[in-house]
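Asker: structure for the following, please:
(chains A and B)
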Amino acid sequence: MAGPRTLLEKIWDDHLILEEDGQCLLLVGRHLAHDGSYHAFSAIEERGLTLRRPDQTFATPDHGVPTISRRVEDIADPAQRRVVEALPLNAAKYGFTLFGLDDPRQGIVHVVGPEQGVTQPGLILVCGDSHTSTHGALGALAFGIGASEVAHVLATQTLWRRRPRTMRITVDGERPAAVTAKDVILAVIARIGANGGAGHVIEYAGSTIRAMSVEERMTVCNMSIEAGARAGMVAPDEKTFAYLEGRPFAPQGADWEAALAHWRTLPTDPGARFDAEVALDATALEPMVTWGNSPEDALPVTGRVPDPADAASEVQRAAWRETLEYMGLAPGQRLTDIAVDQVFIGSCTNGRIEDLRAAAAVARRGRAVVPAMVSPGSTLVKRQAEAEGLDRIFREAGFEWRESGCSMCVGMNGDLVGAGRRCASTSNRNFRGRQGRGSRTHLMSPAMAAAAALRGRIADVRELTGG
Amino acid sequence: MEPFTTLTAVAAPLDAPNVDTDQIAPARFLRRPRREGYADVLFHDLRFSAPGAERPEFVLNRAPYRGARILVADRNFGGGSSREQAVWALVDGGIRCVIAISFGDIFWENSVKGGLLLVRLDEPNVAALRGQLHAQPGARITVDLERQCVTGPDGRELPFEIEPARKRRLLHGLDEIGVTLRHEPAIAAFERGYRARRPWLFRHGAARAG
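Answerer: Below is the predicted model of the structure:
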């Protein structure tokens, strides 16, 4: 192939079966499924189709599972229960790999894929969930698809896509101590907007990204979809390889060497061109928090709620007014004066072990004055945290220690925020009603969420840690 | 899927940017089987204050816009979650076309599967269309997919771009799995090559046994 290529272009070309009418037919390397994939299984069953590649299909229940126990009987909504129960039935029928509710490998699908080594560099990986962008942190092209396309992948192991545009977001400089990967991605979204990445696949680059752990890169890539991007990715490096080595589904022995040789060819070639370039200075960042109903409504925690009078357009002014009314906020109010009713720590954005360590490091400094719950991103993360004594720290600080699942990020399992209630949350969406009808969500990092639990209001974590 | 050719219908203005798929189809309704229909789910929490209790201020609850089959939104319509139920709710609720400045990418991909036409126009034209719909409640818009043209209430024709494959699938109501299966020999041949290049992806029997 002539000319320098980007990471995205290399993966694209490696999976391109044919082109027709400007659309590329791509082979899907791996497909992840969850309880919500039920509509797609129903669709292929109704059409008398079957799974083309059950050996490349991996599933775990997450959206609707209870976090108070591992019993399906504890799912109150019968429709939700039926869907969770359907997943093992489909696994038995079609023969794909399942990490079931009672399996220690269960968890949020975007935590489990990398954790098990199912997610690997250079793959095209898809899943019927928008936060599939998470897996791009390992150098895969990973993106979310809807039910019809899940059925299409089940039946054909392929997808039609037009070539995306490329965007490189370069983040350079050493992060101030209290600035986490969550703050970096919230700052990116605030900068480019909730559809700033539309039509693009983002590659995150620069010294700040290189210095991040693989888990931190997952937090960044996870929220690429909140910037409207089709996917987010980070070139694989020694950290990626060290992360993967020895994981159950990672290649072993001679296969490992062969895989490694391929993975080392993946990073973007010097001189490759991107359709768009964005640069961010990490040294200037602060802990971030959202005030509105779009992830682009993010500000440094030292900031104030915007005044609609300052809006750039009539449309924005009206939108801000409605947002402030929904959120119960006043223009000019200090973000740190906003009282919260509850706190949620977990999700595919911030439910991994490093996130729980960061939250526990703050939680141990005091006691929660509002209800706070922690739902680990996977059952293995939960066990790891318990082995490290993090569960004890959380419990002693008055936080509830739950089982793993999507939980209060999407509220489908009954873990909800009540109408008019305000939640400091480590999840990824502050949409209206996202955590329950009428709920008010403020997105922030795990350390900031723990600080909010201790103070009962949005708090600058640096007040507690001196950082 | 019902083909989309030409549609002349009442259009409703939705002024807010970032109308996400959680607004279009709230999470608690997503487990309903497809065949049971999603019309009542559409914009549920914007349309109803309680089950069956309409919010009179919401645009689709106002008399002139009740039969709307076209929406004119703003920026980033359909961003967020990949839930295709957002498309099902719109189509079951009678909406066959949404015009906006930009759309969420996954929603964009999902729309064509349900026979929903998404039309991108630039900001001044979208704002002008909404202005006309506010000024003349119940006004109609014509969307001609073959000619790739929107005609506003003022009679002005606004051309739009659409990819050829997308256009053909909408015009003929083509089923995508059927289209793909015609390429089965090419897929099988490619897969053999891929397997030879990346053999480690196909050897995880021991791990599968757990």
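
Asker: what does the longest strand anywhere in chain A contact?
Answerer: The residue-count maximum for a strand in chain A (DSSP state E) belongs to strand A:165-172. With contacts defined as Cβ atoms under 8 Å, 6 or more residues apart in numbering or on different chains, strand A:165-172 is touched by A:6, A:8-9, A:184, A:188, A:192, A:197, A:199-209, A:229, A:268, A:273-282. From N, CA and C alone the C-beta is placed, and that goes for glycine too.

Asker: repeat that for stretch A:15-26.
Answerer: Stretch A:15-26 is contacted from outside by A:12, A:27-29, A:124, A:141, A:158-163, B:163-165, B:168, B:180, B:183, B:186-187, B:190, B:194, using Cβ under 8 Å, 6+ apart.

Asker: which residue ranges form the helices in the stretch 201-350 of chain A?
Answerer: Secondary structure of the stretch 201-350 of chain A (DSSP state H, counting those that start in this stretch): helices located at A:207-211, A:214-222, A:238-244, A:254-263, A:314-327, A:347-350.

Asker: hey, which of these is tucked in deepest?
Answerer: The highest mean neighbour count among the helices of the stretch 201-350 of chain A, using mean count of other Cβ atoms under 10 Å in any protein chain shown, belongs to helix A:347-350: a mean of 30.

Asker: how about that helix and chain B, touching?
Answerer: No: shown here: helix A:347-350 not in contact with chain B (Cβ under 8 Å from any Cβ of the partner chain), separated by at least 12.4 Å.

Asker: that helix - contacts with which helices or strands?
Answerer: helix A:109-116, helix A:214-222 (3 or more Cβ pairs under 8 Å, 6 or more residues apart in numbering or on different chains; DSSP states H and E).

Asker: for chain B, find the nearest of those helices.
Answerer: Between chain B and these, the shortest gap by Cβ to the nearest Cβ is with helix A:109-116, which sits at 7.8 Å.

Asker: tell me which stretches of chain B form strands.
Answerer: Under the criterion DSSP E, chain B carries strands at the ranges B:6-13, B:48-50, B:53-54, B:70-72, B:97-100, B:117-120, B:140-144, B:149-151, B:157-159.

Asker: quick check: buried residues in the last one?
Answerer: By 16 or more other Cβ atoms under 10 Å in any protein chain shown, the buried positions in strand B:157-159 come out as B:L158.

Asker: where does chain B dip in pLDDT?
Answerer: B:205-210 (pLDDT under 70).

Asker: 90 - rerun?
Answerer: B:1-2, B:50-52, B:174-175, B:204-210 (pLDDT under 90).

Asker: cool, and chain A?
Answerer: A:1-2, A:21, A:465-467.

Asker: residue 98: neighbour count?
Answerer: In the absence of a named chain, this looks at chain A. Neighbour count of A:L98, defined by other Cβ atoms under 10 Å in any protein chain shown: 22.

Asker: ah, no, chain B please
Answerer: Residues near B:V98, counting by other Cβ under 10 Å, number 25.

Asker: tell me, how many neighbours does the nearest residue to it once chain neighbours are set aside end up with?
Answerer: Once flanking residues are discounted, B:V98 sits nearest to B:L71: 4.7 Å by Cβ to Cβ, 6 or more residues apart in numbering or on different chains. B:L71 has 25 neighbours, counted by other Cβ under 10 Å.

Asker: distance check, B:L71 against B:F77.
Answerer: Counting by Cβ to Cβ, to the nearest Å, the gap between B:L71 and B:F77 amounts to 8 Å.

Asker: list residues touching both of those two?
Answerer: B:14, B:98.

Asker: coming back round to it: pipe the strands of chain B into JSON lines and attach distance to B:W108 per row.
Answerer: As requested, the strands of chain B are exported to JSON lines (distance: least, Cβ to Cβ, whole Å):
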{"stretch": "strand B:6-13", "distance to B:W108": "19"}
{"stretch": "strand B:48-50", "distance to B:W108": "27"}
{"stretch": "strand B:53-54", "distance to B:W108": "30"}
{"stretch": "strand B:70-72", "distance to B:W108": "15"}
{"stretch": "strand B:97-100", "distance to B:W108": "10"}
{"stretch": "strand B:117-120", "distance to B:W108": "6"}
{"stretch": "strand B:140-144", "distance to B:W108": "17"}
{"stretch": "strand B:149-151", "distance to B:W108": "17"}
{"stretch": "strand B:157-159", "distance to B:W108": "19"}
